[in-house]
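J.: Next come a sequence and a model predicted from it.
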Amino acid sequence: MTIDGQSTLDYDDALSIQELEDGYLIGVHIMDVAHHVKKGDPIDLEALSRGSSIYMPDHRISMLPPLLAESVCSLRAGEKRPAISTFIKVSPFGKILSYDICASIICVRHQRTYYDVNMAADDDPEIMNLRHIAEKFRDFRLDQGAVQITLPDVNVWIDENGGVNLSRLNRESPARLLVSEFMIMANWMMACFLRDNEMPAIFRSQPEPKERLYKRDQGTLFQNWMQRRRLNRFVLHTAAERHSGLGLDAYVTATSPIRKYFDLITQRQIRAVLGLEDPYTAEDINGLMLQLEQPMAAVSRAQHHRHQYWMLRYLESQVGQQTGAIVLQRRRNGYQVLLTDYMVECDLTVAAGRSLKPEEVIEVTIQNVNARKGLLSVFTV
């Protein structure tokens, strides 16, 4: 089965579960994009220049041509596709016993949405077992020191009439937790596979956070928001090192080769271990990482600025409305607050003589918004 959002058109990952006498066999299947997109061909060079697909509220720019991304390079139901499959054997209690990575041919039976899976989370035996194993894997990562940051995701989208809408996504819903943990698990397994086969790749690591504000997953909304600020940036290497944020000893990203060139590079290195193509050298990979710095920075800026613009466009219609906020910190001329309905930071000036404390929950009124100028001001009485 694939599990994606309702508007998804390119399906790059699928899950399977098989019950065994002594546990379960989980399959995480990633579309083998490298089977179709060869190193150095015109499509590959264009994908490298883009670095990633860009997702914005009003527009999407694909890394690969839609004719590929949404067709032969997509795990569409009822159609056979080449894949790189990670099979993980787990005990009935969710403990990982072994894993194997191989080239495969798969055929997706069910194209499910997050909504479908959430509705079946307490009734469908397969979903229930997948959820149980995903939760056990998260517990394992937390035991290894993972930094669990749990924040709602406020999504801005434009309807067919041009109206600006918001939807609040719960990343801890059964479906999203399940998909997230199995993708992390597969990326970890693929990193171990590459490391153990002495194959260079784009390994991700992360130093310990500057400070830990709470234990395991017990933080408040304020603590989760501030903990994110205290994380160190991830680092890219050609050899495996510990990723403290995930609590894992090795990590790559290889589960989105339709959308991210980093993942396509890693997939090619896995294919090389499997004897399907010639590998990149460590020098090649260092060169590719250097080439991708500028396009990836541009992708990040574009997504951030377009989200900010359309969020402010929405807030222009909310001028005069009250909304909840959490005080983050004191500033020279006031305070920095988080508008919790929108997960947006802004400055707040208060009347002389009034004092606020970090983590204090208050009501503010949206005073002035200008999306084109990037302005947002609020006040409180």
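T.: Structure received.
J.: Any stretches of the stretch 1-150 of the chain with poor pLDDT?
T.: Under the criterion of pLDDT under 70, none of the stretch 1-150 of the chain is flagged as low confidence.
J.: got it, and the stretch 251-381 of the chain?
T.: 352.
J.: where do the strands sit along it?
T.: Taking DSSP state E, counting those that start in this stretch, the strands of the stretch 251-381 of the chain run over residues 322-331, 334-339, 344-349, 361-370, 375-379.
J.: Which elements pack onto the second one?
T.: Using 3 or more Cβ pairs under 8 Å, 6 or more residues apart in numbering; DSSP states H and E as the contact criterion, the neighbours of strand 334-339 among helices and strands are strand 322-331, strand 344-349, strand 361-370. Where you see a C-beta, it was placed from the backbone N, CA and C, and this is true even at glycine.
J.: For residue 288, which of those strands is the nearest?
T.: strand 344-349 (34.5 Å; Cβ to Cβ).
J.: Can you lay out the helices and strands packed on strand 334-339 as TSV showing mean neighbour count and distance to residue 108?
T.: TSV is the format used below for the helices and strands packed on strand 334-339 (neighbours: other Cβ atoms under 10 Å; distance: least, Cβ to Cβ, whole Å):
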stretch	mean neighbour count	distance to residue 108
strand 322-331	16	42
strand 344-349	16	38
strand 361-370	16	44
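J.: which stretch among the ones you listed comes nearest residue 52?
T.: Nearest of these to residue 52, taken as Cβ to Cβ: strand 344-349 at 24.1 Å.
J.: out of the helices and strands packed on strand 334-339, nearest to residue 56?
T.: strand 344-349 (16.9 Å).
J.: packing partners for that closest one?
T.: strand 322-331, strand 334-339, strand 375-379.
J.: Tell me the helices and strands packed up against the first one.
T.: Which is strand 322-331. Looks like strand 322-331 contacts helix 221-229, strand 334-339, strand 344-349, strand 361-370 (3+ Cβ pairs under 8 Å, 6+ apart).
J.: my guess is residue 316 contacts residue 372, does it?
T.: No - if you go by Cβ atoms under 8 Å, residue 316 and residue 372 don't touch, sitting 9.9 Å apart.
J.: Between those two, which is the more surrounded one?
T.: Neighbour totals were compared for residue 316 and residue 372, and residue 316 leads with 15 against 9 (other Cβ atoms under 10 Å).
J.: Nearest residue to the more buried one in space, ignoring adjacent ones along the chain?
T.: residue 369 (4.6 Å; Cβ to Cβ, 6 or more residues apart in numbering).
J.: same deal with residue 20?
T.: Per Cβ to Cβ, 6+ apart, closest to residue 20 is residue 89, 7.3 Å.
J.: now swap in residue 225 and tell me
T.: Using Cβ to Cβ, 6+ apart, the nearest residue to residue 225 is residue 338, at 6.1 Å.
J.: With residue 376 instead?
T.: residue 346 (4.8 Å).
J.: what's the burial count for the closest residue to residue 54 other than its chain neighbours?
T.: For residue 54, ignoring the flanking residues on the chain, the nearest one in space by Cβ to Cβ, 6+ apart is residue 61 at 4.3 Å. Residue neighbour count, defined by other Cβ under 10 Å, stands at 12 for residue 61.
J.: Compute the number of surrounding residues for residue 39.
T.: Neighbours around residue 39, by other Cβ under 10 Å: 15.
J.: That one and residue 268 touch, don't they?
T.: Yes - applying Cβ under 8 Å, one finds residue 39 in contact with residue 268, separated by 7.0 Å.
J.: Now do the shared contacts for these two.
T.: residue 277 (Cβ atoms under 8 Å, 6 or more residues apart in numbering).
J.: quick one on the thing from earlier: and the residue nearest to residue 376, what does it touch?
T.: Counted by Cβ under 8 Å, 6+ apart, residue 346 has contacts 336, 337, 339, 376, 377, 378.
J.: which residues does it bridge with?
T.: residue 337 (DSSP bridges).
J.: How much space separates it from residue 315?
T.: 10 Å (Cβ to Cβ, to the nearest Å).
J.: Mind listing the shared neighbours of these two?
T.: residue 376.
J.: Just to be sure, residue 112 is in a helix?
T.: No - counting by DSSP: H, G, I helix; E, B strand; the rest coil, residue 112 falls outside a helix, being strand.
J.: what's the neighbour count on it?
T.: 21.
J.: now swap in the one 10 residues further on and tell me
T.: Other residues within reach of residue 122 by the criterion other Cβ under 10 Å amount to 10.
J.: these two touch, right, it and residue 128?
T.: Yes - the pair residue 122 / residue 128 is scored as a contact, 7.0 Å apart, by Cβ under 8 Å.
J.: Quick check: longest helix in the chain by residues?
T.: Assignment by DSSP state H gives helix 282-316 as the longest helix of the chain.
J.: Could you export stretch 179-197 as CSV, CA atoms only?
T.: This file holds the C-alpha atoms of stretch 179-197, laid out as CSV (Å, rounded to 0.1, in the frame of the first residue of the first chain):
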residue,chain,number,x,y,z
VAL,A,179,4.8,6.6,7.7
SER,A,180,7.3,8.8,9.3
GLU,A,181,8.8,6.0,11.5
PHE,A,182,9.0,3.5,8.7
MET,A,183,10.7,5.9,6.4
ILE,A,184,13.2,6.7,9.2
MET,A,185,13.7,3.0,9.8
ALA,A,186,14.3,2.3,6.1
ASN,A,187,16.8,5.2,5.8
TRP,A,188,18.7,3.9,8.8
MET,A,189,18.8,0.4,7.3
MET,A,190,20.0,1.7,4.0
ALA,A,191,22.7,3.7,5.8
CYS,A,192,23.9,0.6,7.7
PHE,A,193,23.8,-1.3,4.4
LEU,A,194,26.0,1.2,2.6
ARG,A,195,28.3,1.6,5.6
ASP,A,196,28.8,-2.1,6.1
ASN,A,197,29.6,-2.5,2.4
